[in-house]
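Enquirer: pasted the sequence and its predicted model underneath.
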Amino acid sequence: MSGPLDICGIRLRGPVLNGSGTFDAIAARRTFGDALLEDFPFDAFVSKTITLAPREGNPPPRLWEAPAGMINSIGLPNKGLEGFVRHDLPELHELPVPLAVSVMGFSRDELAALVEEVGAREEVSLLELNVSCPNVETGLVMGADPAETGRAVERVRARTEKPLIVKLTPNATDPASVGAAAEAAGADALSLVNTLKGMALDPATGRPWLGTGAGGVSGPAVRAIALEQVREVSARVSIPVIGMGGIGSGRDAADFLLAGADCIAVGTESFRDPAAGRRVSRELTMLSRNERDFSPLRAG
Amino acid sequence: MSGPLDICGIRLRGPVLNGSGTFDAIAARRTFGDALLEDFPFDAFVSKTITLAPREGNPPPRLWEAPAGMINSIGLPNKGLEGFVRHDLPELHELPVPLAVSVMGFSRDELAALVEEVGAREEVSLLELNVSCPNVETGLVMGADPAETGRAVERVRARTEKPLIVKLTPNATDPASVGAAAEAAGADALSLVNTLKGMALDPATGRPWLGTGAGGVSGPAVRAIALEQVREVSARVSIPVIGMGGIGSGRDAADFLLAGADCIAVGTESFRDPAAGRRVSRELTMLSRNERDFSPLRAG
Amino acid sequence: MSASEPRPRTLAPFGRRLAEVTANEGRGPYRLISALDRNGPDDPRPGQFYMLATAAGWGGVSGERPYLPRAFSFCRVRNGSDVRPTLDFLLEAIGPGTARLGAVEPGEEMWLTGPLGVGFTPPNGRPILVGGGIGVAPILCLHDELGTSVSVLLGFRSGAHAAVAALFPGEPAVVTDDGSVGRRALVTELLREELGAGDDATVYACGPPAMLEGVRAICAEREVPAQLALESGMACGFGACYGCVVPTRRGFLRLCVDGPVLDAADLESAIGPGAGH
Amino acid sequence: MSASEPRPRTLAPFGRRLAEVTANEGRGPYRLISALDRNGPDDPRPGQFYMLATAAGWGGVSGERPYLPRAFSFCRVRNGSDVRPTLDFLLEAIGPGTARLGAVEPGEEMWLTGPLGVGFTPPNGRPILVGGGIGVAPILCLHDELGTSVSVLLGFRSGAHAAVAALFPGEPAVVTDDGSVGRRALVTELLREELGAGDDATVYACGPPAMLEGVRAICAEREVPAQLALESGMACGFGACYGCVVPTRRGFLRLCVDGPVLDAADLESAIGPGAGH
Ligand SMILES: Cc1cc2nc3c(=O)[nH]c(=O)nc-3n(C[C@H](O)[C@H](O)[C@H](O)COP(=O)(O)OP(=O)(O)OC[C@H]3O[C@@H](n4cnc5c(N)ncnc54)[C@H](O)[C@@H]3O)c2cc1C
Ligand SMILES: Cc1cc2nc3c(=O)[nH]c(=O)nc-3n(C[C@H](O)[C@H](O)[C@H](O)COP(=O)(O)OP(=O)(O)OC[C@H]3O[C@@H](n4cnc5c(N)ncnc54)[C@H](O)[C@@H]3O)c2cc1C
Ligand SMILES: Cc1cc2nc3c(=O)[nH]c(=O)nc-3n(C[C@H](O)[C@H](O)[C@H](O)COP(=O)(O)O)c2cc1C
Ligand SMILES: Cc1cc2nc3c(=O)[nH]c(=O)nc-3n(C[C@H](O)[C@H](O)[C@H](O)COP(=O)(O)O)c2cc1C
Ligand code: FES
Ligand code: FES
C-alpha cells in the first residue's frame, strides 16, 4: 500500500499528496526555512487553486471550528494566472517533488485558457481541475452535474498533453456518475472529496459567522462520508483515484487505499501538524509492513 | 424561539421532536417505566419508519462510532403496517404528546397504501414520508430527485387529510429544489436532514465493517452541513421546516431555529443521554429568555 | 415485548445521571471501579448493565473517540449505610472508551444510565456459574445473590488475569490458557466435567463468544438449560437505535432490551457478526 | 513576501514538537504557563507566536472542541543553563482551547509549532510600549529586549487583571477601567499624554481591537510610526489556510505570515471583521 508508484505516468516516491489549498509551500518556507525541503511532507505538491484573474478571496471571518473539523470560506485568493506563473511557479519548481497545479475557471473558456497556459509549463507535471464552482452561464455547479463536468473536461482535454486530474465535489447526489462522465471525457485521474457545504452562526449575534454566509466542512467529521464516496467512485471508474477527506493518520490513509484510492491527500490535518504528511507516510509504511494481506476493495 | 406553537395546525407544547428511528418510546418505557411519560422528552413523538411488510432490518454489525458521531446501518426493522397498528399504535397512543408516524414505501403504490391506512387512524396526528429509499421502478433515490419526490407526494396527497411531512435526504445536489418540489406537490412541512451516506472499514480485516457495507452518518459531525441545508431549504419554501442533524444542546437548537427551522429534532444525542430532548428544551428556553432580539434568518 | 418468559429487570431512572467515582484499583490487567450512584436503585439484577461515560474528557486523546457511552455489567452492588448504592464495575481496556474509563480518579464524576436490559432468571436446578475473562463481571454479582455454595468455574488467559478470581468468595475453580494458575485448560472443559447429561442444573455463563458458544453446545448436548450474557456493539442501551441486534431463533433481538441475558436455546450460535473482535 | 520592510523572523523547526510544561501559575485571572522547548530556537523575536495544543485531552469536555491548535504570543523566553529555552505564555481563558491550556499541569506535554510570524522591528526613535489586557504578553518580551528605560503604558479591565503588571520590571504606568489600580482611564489616554505631535518615538502596541484602533488613530494624527500586534482567528499559523486575513491598505494580509505585527500605516482600521468578539 506504500512505496513508490506511478500515477498517470508520473513517478511518485509515495502515495501521500496534499489537498489543494491546505498547504502553501512558499509561505511554509518563509516560516520553516529550507528544513521544509529537506523533509518535504508530500510525495507530490498540489498548488492552491488558481484562476485566470487575480482574486482577493472572501471577506473575513473565513474560519469556524466545528466538531472534529472546521468550516472555511476562503474563496480562492490567488495572484491570477500571470502572477502565479511569474511569482509562484519559480519557487514551487524548487520543491523536491512533482508539481500539480490546480485551476478553476468561471466558464469553460476560462478553464481552457488556464489549462493551455499552465499545461505548457515544464515545471508542471499534472493539472487538477477544480470544478466545484458554479458555471456562470448555466448556473449549475459544474462538478455536481455529470453532463456539465463532461463538457468542461472535453473542452480542455485537447489543450494539454499533461495528465488531467478532475477534483469532484461531495455535494452531489451521485459522485460516481460525475466521475464516470469525467473519465469518459478524458480525465486521467479523479480526486475527491472537496469540502462539504456547511455553515455556522455567530453565537453573539445569531447571524452567519463566515463572511460569505456559508463555507466548506473538512476534517475528521467528513471522513466516513469521503470514504464512502471514494469507494463508490473508484468502483465505477478505471482511472486512478486520489482520496481525501479527514485523513489524519496512516490508518485513515490505509482505509482510503483499501476503499479504492491509488493515492491519498492530507488536508486539514496539516493545520494541526505542519509535518502531518510525513507522519501519515511513515505510519502507512508501518501498516503496510504488517498488513500485506489486505487487498483493496476495488481489486477484490 | 421556544414555547407552545402550531405546526400544520397541530398544537405542540414546544418545538423539540425526536428524529425518526432514534427513540423507541415503547422500549424506553420497558426500561424506564412510567417515569418516561411523566417527563416525556419530546413535544411530539415521531415513530420509527414503518413499511408495508414487516422487515428484519440489516445484518449486524449495524453501528460504527465515527469522529463526533456515528454510522448506522439499521435497515428499517419494523413489524409492518399491520403489526404496527395492532401492537405499537395502542402503546404510542398513551404518550402525552401528538404522534407522527413515519412511513416509507418501495413504490408509490406502497407509499399510498401506507398513507391511507395510517392517516385514517385517529391516534395519528401527522405523517412523515421518509423518501430516502431507492425507487424500485426507476432506481433513483426518491428523495434525491425533485421530480421523483414531487410525483410521490402528489400520489399520496389525496389519500389523507392529515398533515404530511416530507423528510429530505442530505445526499442530494440541491435539497432546496427537492423541498420546493415537495411543497408544490402538497407537502405540509419538511424535515431534514436524514443521515449522510458513509462507511467504515474493520481495522482487523480491511473489509467494510457494517453488515451492509455502507450506512448513514449522524451526530455533531454533520451539524454544520445540516444547518446549511436547513437554511437553504427554508429560504426556498414557505411551509414549516423541522431541522435536525447533530443537535445536542439548546445552543445548537437555537442555531437551527435561527437558520429557518420552525421545530427541531434531537436524534443521536438521545443515545448519549436518553432525556436529551428535555435538556435541549430547557436550554432553549433559557436562551430565548436572553436572546429576544435574535430574529430567524428566514424572516429577516 | 418479545421475551417468552419474563426476566428480572429493575427499572432505570429516566435519563442519565452523575455518579461519583469512589475507587479505581487494578486487579491484574483489569480495573475495578466503584461509583456512588446516589440517585439509582439499590437492587439492579445480576446480568443487567449500565451505560457509562466520564463527565470530563470523553472525547479521548485525539479528540475523536469515544463519543457514545459504553456498556458495562455491574459486578457488585453494595448498600452499606453511607455508600448506598455503590456499584462496582470490572473493566478491561481494549479501546478508547475503556482506556478513558479505566483512568478515572476517585472524586471524578461519571455519566451513568441504568440498570438496563434483563438479568439472569433464578435457577430451576443447581446453578453452575461459568465466567471467562472480563465476563466474570456479572457472574460475580450473580454469585453474591445465589450464595457461596454454588459451583463457579472461571477461565482466564493468564495468571495475571486470574488475579480477579480473588474477588470471588469461596473457592472458585480456575483454569488458565497458559497453566500458570490452575490447570491449563479452557473453562468449557471444567463445565464438561461438572455437567452430567440431563443434569438437574441451570448454567449461567458470560465470557468471550467462543467460550459462550462452547457452553451453549455442551448444554444443548446434555439438555441442560443455560442462560448466556452476550455482548454486542451498543449505541444507546435502551432500545432506541436498533443497533445491538443479535441473530436468534426468534429473529434479531436487541440485546439491550431483550438481553443481554438470553436463553441458550434461543441461539443457533453464540458467535454473532462483529462479535469477539 | 509582501511586507515592504523586512521584519524580524526567527525560523521555526519544521513540524510540531512536544514541549514539557514546567509551571502553571495564576496571575489575577490570567495563567502564566511555562514550557521547556528543548528542540526550539532560543531567540524567538518579540511579537512572534506559537501554535499550542495539549498532547492529551485536546478535544475538550464535550469531545467537540478544541480541534485546531491555538495561537499565543510568547511573553518571555528564558535561557538559563538547564531551562533553555523556556517559553512563557500568558493566557486568558475565553473558550474551550484556552480553558484546556489553562488547566495544564507541570510535567504534562504540549504540542507546539513556532516561532511563527514576524515580530516587532527595532525602534527609530524612543520606544513607547502600550499593552491592554492579555495583549501585554508580547509587550513584556519586547520590554525585556529593549531594556527597562522605555515607557510602558498598561491598561486593564480591573485591579485583578492588573496583577499581571507586576511581571514588568521597573514601574510601568497602569490604568484600569474601574480605577481600582492606577487611574480610572483607558490606556490610550496615557498614550495621548505621553505622545507629542511629531514626537521622535516608535509606538508598539498589543491589546483589544478598540484599543489598537485608538492607538492607530492617535499615532496617525501625530504622525508617529506605530507597530500593532493584531489578532485574528487562525487555523494553521504558517500561511497554509488563508483563513487569518485582515484587511489592510495593501489588501488582505495573512496575519500569521505577514503579521501578527503590522505597521499602523498599513491599516485603515485596527478593528477587523470578527475581531474582538
Ligand atoms: C451488555 C454488555 C456488558 C458489558 N460488560 C462489560 C464489563 O463488565 N466489563 C468490560 O470491560 N466490558 C464490558 N462490555 C464490553 C464493553 O462495552 C466494551 O469493551 C467497550 O464498549 C469497548 O469500548 P472501547 O472504546 O474501549 O473500544 P472500541 O474501540 O469501541 O472497541 C470495541 C470493539 O468495537 C469494534 N470497534 C472498533 N472501532 C470501532 C468503532 N469506531 N465503532 C464501532 N466499533 C468499533 C471493534 O470490534 C473493537 O474491538 C460489555 C458490553 C455489553 C454489550
Ligand atoms: C498571533 C496571536 C497571538 C495571541 N496571543 C495570545 C496570548 O498571548 N494570550 C492569550 O490568552 N491569547 C492570545 N491570542 C488569542 C488566542 O489565540 C485565543 O484566545 C484563542 O484562540 C481562543 O481559543 P478558545 O478555544 O479558548 O476560544 P474560542 O471558542 O475559539 O473563541 C475565540 C473567539 O473565536 C470565536 N469563536 C467562537 N466559536 C468559534 C468557533 N467554533 N470557531 C471559530 N471561532 C469561534 C469567537 O469570536 C470567540 O470569542 C492570540 C491570538 C493570535 C492570533
Ligand atoms: C482552508 C481550506 C482551503 C481549501 N482550498 C482549496 C482549493 O483552493 N482548491 C481545492 O480544490 N480544494 C481546496 N480545499 C479542499 C481540500 O483540498 C480538501 O479537498 C478538503 O479539505 C478535504 O480534505 P481534508 O478533510 O483532509 O481537509 C480547501 C480546504 C480547506 C480546509
Ligand atoms: C440509529 C438511527 C436510526 C435511524 N432511523 C431512521 C428511520 O427509521 N427513519 C428516518 O426517517 N430517519 C432515521 N434516522 C435519521 C434520524 O432521524 C435523523 O434524521 C439523523 O440521525 C440526523 O439527526 P441526528 O444527527 O440528530 O441523529 C435514524 C438515525 C439513526 C442514527
Ligand atoms: S443499543 Fe441501541 S437498541 Fe440496543
Ligand atoms: S492561520 Fe492559516 S494562513 Fe494564517
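Expert: Perfect, thanks for sending it. Ligands and ions are numbered 1, 2, ... in the order given.
Enquirer: show me the helices in the chain, by range?
Expert: In the absence of a named chain, this looks at chain A. When secondary structure is read from DSSP state H, chain A shows helices at A:25-32, A:35-38, A:80-83, A:89-93, A:108-119, A:146-157, A:175-184, A:223-236, A:250-258, A:269-272, A:276-290.
Enquirer: to clarify, I was referring to chain C.
Expert: Counting by DSSP H, one finds helices in chain C at the ranges C:96-102, C:136-146, C:159-162, C:187-194, C:209-222, C:255-258.
Enquirer: give me the domain ranges for chain C.
Expert: By the record's domain assignment, chain C is partitioned as C:17-116, C:126-266 (automatic domain parsing).
Enquirer: of those domains, which is nearest D:Arg27?
Expert: D:Arg27 lies closest, by Cβ to Cβ, to one member of these: domain C:17-116, at 24.8 Å. (C-beta placed from N, C-alpha, C; glycine too.)
Enquirer: so does the closest one get close to ligand 1?
Expert: Yes: using Cβ under 6 Å from any ligand atom, a contact is recorded between domain C:17-116 and ligand 1, made by C:49, C:66, C:70-73, C:89-92, C:94-98.
Enquirer: near ligand 2, anything from that domain?
Expert: No: against ligand 2, domain C:17-116 shows no contacts by Cβ under 6 Å from any ligand atom, the least distance being 12.5 Å.
Enquirer: what's the offset of stretch C:45-60 from the middle of its chain?
Expert: A distance of 13 Å separates the centroid of the chain from that of stretch C:45-60, by Cα atoms, centre = their mean, to the nearest Å.
Enquirer: report the buried residues of it.
Expert: Applying a neighbour-count criterion of 16 or more other Cβ atoms under 10 Å in any protein chain shown, the buried positions in stretch C:45-60 are C:45-55, C:57-60.
Enquirer: quick one: low-confidence residue ranges for chain A.
Expert: Within chain A, the stretches with pLDDT under 70 are A:1, A:133-140, A:291-293, A:298-300.
Enquirer: if we can go back for a sec, so which of the domains of chain C gets nearest chain A?
Expert: domain C:17-116 (5.7 Å; Cβ to the nearest Cβ).
Enquirer: and that closest one, how far out from the chain's middle?
Expert: Here the centre of mass of C-alpha atoms in domain C:17-116, compared against the chain's by Cα atoms, centre = their mean, lies 13 Å away.
Enquirer: close to ligand 3, is that domain?
Expert: No: with Cβ under 6 Å from any ligand atom as the threshold, domain C:17-116 lies outside contact range of ligand 3, at a closest distance of 13.1 Å.
Enquirer: contacts (any at all) between chain C and stretch A:53-70?
Expert: Yes: remark: stretch A:53-70 sits within contact range of chain C at A:Ala68, by Cβ under 8 Å from any Cβ of the partner chain.
Enquirer: quick one: the strands in the stretch 51-200 of chain A, in order.
Expert: All strands of the stretch 51-200 of chain A, identified by DSSP state E, counting those that start in this stretch, fall at A:63-66, A:69-72, A:99-103, A:126-130, A:164-167, A:189-192, A:196-199.
Enquirer: and the strand ranked longest in chain C, which residues are buried?
Expert: For chain C, the strand with the greatest residue count under DSSP state E is strand C:17-27. Residues of strand C:17-27 classed as buried by neighbour count (16+ other Cβ under 10 Å): C:17, C:19-22, C:24, C:27.
Enquirer: what is it packed up against?
Expert: Identification of packing neighbours for strand C:17-27 by 3 or more Cβ pairs under 8 Å, 6 or more residues apart in numbering or on different chains; DSSP states H and E yields strand C:30-36, strand C:86-91, strand C:109-116.
Enquirer: strands paired with the second one, and their directions?
Expert: The reference is to strand C:86-91. The partner list of strand C:86-91 in its sheet, established with DSSP bridges, is strand C:30-36 (antiparallel), strand C:70-78 (antiparallel).
Enquirer: again, but for the last one
Expert: According to DSSP bridges, the neighbouring strands of strand C:109-116, each with its direction, are strand C:17-27 (antiparallel), strand C:49-54 (antiparallel).
Enquirer: the ones you listed into a markdown table, with extra columns for mean pLDDT?
Expert: Supplementary listing: the strands paired with strand C:109-116 in a markdown table, determined by pLDDT from 0 to 100:
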| stretch | mean pLDDT |
| --- | --- |
| strand C:17-27 | 97 |
| strand C:49-54 | 97 |
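Enquirer: I'd like these as TSV, with distance to A:Gly179 appended.
Expert: Formatted as TSV, those follow (distance: least, Cβ to Cβ, whole Å):
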stretch	distance to A:Gly179
strand C:17-27	49
strand C:49-54	40
